[in-house]
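Visitor: From the sequence below, what's the structure:
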Amino acid sequence: MMLRYALKTVRARKAGFLGAFLALLCAAALITACGTLLETGLRGTIRSERYAASPVVVSADQNVHQSTVTHKKGRIKVKRKAKPMAERAWLPAGLGRTLAGTPGAARVIPEVTFLAEPLIPAGTGGRAAYGHAWESAALTPYRLVTGSAPKSATDVVIDRYLADRAHLGRGDRLTIQSTQAPRTYRISGIAAPATAVRHQTPLFFAAAEARRLAARPGQVTAFGVIPDPGTSPERLRQAVSSALHGTGAQVSAGDDRGPVEFLDAAAARTRLVSVGGAMGGTSLLVAVLVVVGTFSLLVQQRHRELALLRAVAATSGQIRRLLGREALVIGAAAGTVGALLGLPLGRWLYGRFVALDAVPATLQPTVSAFPPLAAVAATLLGSWAAARIASRRVARIRPAEALAEAQAEDARPVLGRVLAGLLLLAGGGALVAFLSVLRTEPASTPVTFLAVIALSASVALLGPLLVRAAALLLAGPLRLTGPGGRLAAANLRGNAVRMASVVTPLTLLIGMACTVLFVQPTLSDAARVQAREGVRAGWVVASRGPGVPAEAARRLRTRHDVVTEVVRTTVRVGLDKYAAQGVTPAGLVRTWDPDVTAGTLGSLNEHTVAVSDLASDRLHVKPGSSLQLTLGDGTPVTLTVAAVYSRGLGFGDLTLAHDLIARHVDNPLASSLLVATTRTGAQLTDTLRDLPGLEVLTPEAADTLQAQRRQANAEVNFLAMGLVLAFTAIAVVNTLAMSVSARVREFALLRLAGATRRQVLRMLRTEALSVLLLAAALGSAIALAVLTSFSIGMTGRAAPAVVPLVYATVVAVAGLLALVATAVPGRVALRVRAVTVATAKE
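Guide: Sure thing, here's the model as predicted:
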């Protein structure tokens with residue numbers, strides 16, 4: 001029975017329920033899109049390309065493992081955790097002899113993979129390039145289309161894709177930047193794969209040259225194992241696993257070969273899970289806040305109707321059930337449509353992440369029924385909960401008071417609402433305080449946005465009190481603006497609950513937008529200042545390619561000139577990840593000053609490490625302490641702490657000797673060279689003239705280039721939160737339009753009382769600007785508190801990077817949305833004849 005009434009109500013009030021429908025639809029679409037990203041991170045397929053002809057691949061374990069033993073109620077419990085390495089782990093070449101004797105193995109093919117980038121005009125490559133030995137071409141297999149296999153150290157075979165794109169042929173010369181100095185090779189042949197290879201360009205060298213460029217003597221990237229005729233891949237996998245038991249090698253078959261081939265795709269899974277979870281969680285919280293406000297406004301607009309139901313003996317439970325079922329009807333429809341729209345939105349979002357290089361294209365998106373079903377379920381639950389919360393007061397009024405209460409908004413604050421608002425305000429304040437002690441970005445980011453949402457939720461609950469306080473402050477100035485201002489002041493005082501429902505999404509929009517736009521610049525500016533202050537070198541050599549080869553440093557280094565090579569990586573202490581750099585220790589103090597607070601950089605060598613003060617606090621180490629860490633390729637080392645420095649944001653948490661790091665990274669080329677010299681930039685450029693892709697910059701120019709790269713990385717975060725901001729902006733327009741559209745009768749009465757259409761529209765604009773002023777003050781205060789606390793925690797200074805022009809743009813966009821969403825429905829409402837509306841029965 002109640003469901004039938006709910007359906008009739010929804011049909012009769014389509015316009016009234018449209019706002020709630022749109023809010024829920026956007027929420028469902030966002031949750032579905034985030035769910036598809038999360039599912040891709042958890043279950044996305046990484047298809048093998050280079051290893052297509054090798055059903056079994058043997059590789060090193062690419063994870064760092066840690067076991068924790070706990071004792072509970074007399075039982076010993078062992079927890080095992082693993083985290084991916086930043087670089088590729090290598091295998092001993094001697095394992096090939098063991099594999100060759102495995103039953104069912106017809107052929108064992110060693111593979112080496114290393115940096116090899118062809119130096120061709122920009123835009124003609126298009127794919128990541130890697131170097132290999134020609135013998136591993138059989139793993140795909142690649143077969144020669146023209147020419148011959150590489151025989152000498154100066155021969156190379158390229159694939160047909162690169163040949164077509166760069167217009168290269170047999171006998172042409174091709175300069176390749178590999179792990180050593182750039183070298184020009186003769187193209188001895190062009191090969192084509194037997195199966196599709198879409199995400200990489202292999203360059204095949206002679207075996208001896210490949211080993212030289214890989215610079216890993218006695219090691220290989222992987223082994224491909226080809227079975228005997230009649231031996232199944234599964235049987236071969238089992239035999240290989242038994243033969244390698246206890247060696248720590250990893251045996252992969254089928255779809256498991258993809259992560260071995262594409263390490264970046266495997267690492268991207270973790271990133272997608274993190275981004276999808278953060279976006280989904282934030283979207284859900286924002287959706288709950290917005291939808292509760294929308295339903296509150298909807299219930300308030302139906303106050304007279306619901307009060308009449310109470311007067312004709314409807315019980316509180318029946319009112320709540322009616323509203324709950326209406327919400328479920330709207331939630332089911334909006335959730336279904338939104339979930340379907342969320343699927344293409346998720347694909348678009350994935351495509352943008354790929355375009356920004358945040359996710360490699362080798363990680364194939366995965367779509368199942370789970371994200372849409374989860375979105376529909378969340379929408380149903382959210383709409384039902386929102387309706388229950390919004391209907392608490394109207395369902396509890398006594399029948400005798402119903403009609404009287406329906407005539408005017410009760411000015412008395414609801415004690416429960418005020419207490420809940422104060423609790424949320426205290427909770428948001430606690431989050432802000434907690435944010436000031438968080439020192440890592442992964443820990444700070446979720447707390448940052450949670451604090452904004454908690455404080456915005458407190459504004460939603462305390463909104464009527466805040467609106468009334470604002471009405472008192474603005475009463476004088478509004479009266480000076482004429483009849484429209486006086487009417488606006490009266491509406492602010494008399495309809496505080498309605499106005500509060502409009503203030504909440506505007507506050508959330510401004511607070512969230514300012515936080516999203518200024519969090520990353522706050523961190524980047526602090527890092528940039530530290531880097532600028534810490535570079536003592538007069539010149540910086542940078543590369544437009546994969547890096548600066550050691551040959552450049554050798555040429556520039558003289559008896560009087562100091563050259564510091566900088567190579568970057570990520571290491572782990574336990575399972576915790578730390579940004580690290582390797583620097584040349586000789587003459588380091590002439591080129592680099594990380595602001596050492598304890599110890600000395602003079603003792604930095606391959607057996608010592610310098611740590612930032614943040615890392616020192618987290619790891620509880622000081623000069624002289626031992627520190628066990630795992631290098632990027634999984635090599636464990638124990639080093640002695642030589643120094644502690646304060647400029648960790650600009651230079652990373654750990655600093656090691658260059659030669660130690662360079663031996664354990666995929667790209668041993670320096671990210672930059674710091675040069676302390678009396679020579680001019682032109683003289684340095686002339687020295688490096690035959691090394692392509694290098695440029696000599698001043699520290700200021702190099703700093704600008706690095707800032708541009710950091711900005712490119714920040715675009716991923718802006719994209720991730722941009723959809724949430726778009727949803728909030730839609731909610732602002734939606735709520736304002738609902739609020740204005742429901743005031744047709746009020747406008748008619750004002751017209752009959754003598755107000756002109758222009759005066760009513762001026763009243764609406766004045767109300768919108770007053771609400772915007774309050775929302776801008778509240779949203780700015782929330783963002784400023786959160787950003788200041790974030791800055792204290794991450795940089796040690798209360799100096800958030802707020803760009804005035806960007807801030808003014810945020811407020812201007814919010815104001816434009818408010819004015820448009822007020823003026824358009826207001827003009828539509830005023831088109832109806834006032835006499836017709838005023839005499840119509842409700």
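Visitor: So what does K81 look like in phi/psi?
Guide: phi -130, psi 150 (degrees, to the nearest 10).
Visitor: actually A798, sorry about that
Guide: phi -90, psi 70.
Visitor: what residues are up against it?
Guide: By Cβ atoms under 8 Å, 6 or more residues apart in numbering, A798 lies in contact with T788, S791, I792. (Glycine included, C-beta is placed from N, CA and C.)
Visitor: if I look at it, how far off is S136?
Guide: According to Cβ to Cβ, to the nearest Å, A798 stands 56 Å off from S136.
Visitor: And stretch 572-592, what's buried?
Guide: Neighbour counts over stretch 572-592 (16 or more other Cβ atoms under 10 Å) mark 572-573, 576-585, 588, 590-592 as buried.
Visitor: er, stretch 105-113 actually
Guide: A105, V108, I109, P110, E111, V112, T113.
Visitor: which SS state does the second one fall under?
Guide: Reduced to three states with DSSP: H, G, I helix; E, B strand; the rest coil, the structure at V108 is strand.
Visitor: where do the helices sit along the stretch 1-150 of the chain?
Guide: 2-12, 14-43, 95-100 (DSSP state H, counting those that start in this stretch).
Visitor: which stretch among these comes nearest V354?
Guide: Of all the helices of the stretch 1-150 of the chain, helix 14-43 sits nearest to V354, with 11.0 Å by Cβ to Cβ.
Visitor: Check which residues of the closest one are buried.
Guide: 16-17, 19-41.
Visitor: Can you show me the helices along the stretch 251-400 of the chain?
Guide: 257-261, 263-301, 303-311, 316-355, 370-390, 392-396, 399-407.
Visitor: Direction-wise, compare the longest one with helix 303-311 and give the angle.
Guide: Put simply, helix 316-355 runs at 140 degrees to helix 303-311, going by axes from the mean of the first three to the mean of the last three Cα atoms, to 10 degrees.
Visitor: Could you check how far helix 316-355 is from the centre of its chain?
Guide: 23 Å (Cα atoms, centre = their mean, to the nearest Å).
Visitor: Same check on stretch 667-684?
Guide: 34 Å.
Visitor: Over to stretch 21-33?
Guide: On Cα atoms, centre = their mean, the centre of stretch 21-33 falls 20 Å from that of its chain.
Visitor: same question, stretch 194-213
Guide: 33 Å.
Visitor: returning to that earlier point: which single one of the buried residues of stretch 572-592 is nearest to E326?
Guide: K577 (49.1 Å).
Visitor: helix, strand or coil for the closest one?
Guide: strand.
Visitor: who's in contact with it?
Guide: K577 touches K83, A86, T570, V571, counting by Cβ under 8 Å, 6+ apart.
Visitor: Please apply the same query to T698.
Guide: G538, W539, V540, G681.
Visitor: Of the buried residues of stretch 105-113, which is the nearest to L764?
Guide: T113 (65.8 Å).
Visitor: Phi, psi for the closest residue to that closest one other than its chain neighbours please.
Guide: Nearest residue to T113, sequence neighbours excluded (Cβ to Cβ, 6 or more residues apart in numbering): T221, at 4.4 Å. Backbone dihedrals for T221, given as degrees, to the nearest 10, come out at phi -70, psi -40.
Visitor: next one: A537
Guide: According to degrees, to the nearest 10, A537 has phi -60, psi 150.
Visitor: surely it meets S672?
Guide: No. Applying Cβ atoms under 8 Å as the test, A537 and S672 come out as separate, 9.5 Å apart.
Visitor: sorry, back to before: save the buried residues of stretch 105-113 as CSV, and put in distance to P229 and pLDDT too.
Guide: Output for those, formatted as CSV (distance: Cβ to Cβ, whole Å; pLDDT from 0 to 100):
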residue, distance to P229, pLDDT
A105, 12, 92
V108, 16, 95
I109, 17, 96
P110, 22, 95
E111, 23, 95
V112, 28, 95
T113, 29, 95
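Visitor: so what's the residue lying closest to A531 once chain neighbours are set aside up against?
Guide: Closest residue to A531 apart from its sequence neighbours, by Cβ to Cβ, 6+ apart: G650 at 3.7 Å. G650 makes contacts with A526, A527, R528, V529, Q530, A531, R532, E533, G534, P594, as judged by Cβ under 8 Å, 6+ apart.
Visitor: What helix or strand is G650 located in?
Guide: Assessed by DSSP states H and E, G650 sits inside helix 648-651.
Visitor: Format the CA atom coordinates belonging to that helix as CSV.
Guide: Provided in CSV are the C-alpha atoms of helix 648-651 (Å, rounded to 0.1, in the frame of the first residue of the first chain):
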residue,chain,number,x,y,z
GLY,A,648,64.2,16.3,2.3
LEU,A,649,61.4,17.7,0.3
GLY,A,650,63.7,19.1,-2.3
PHE,A,651,66.2,16.2,-2.5
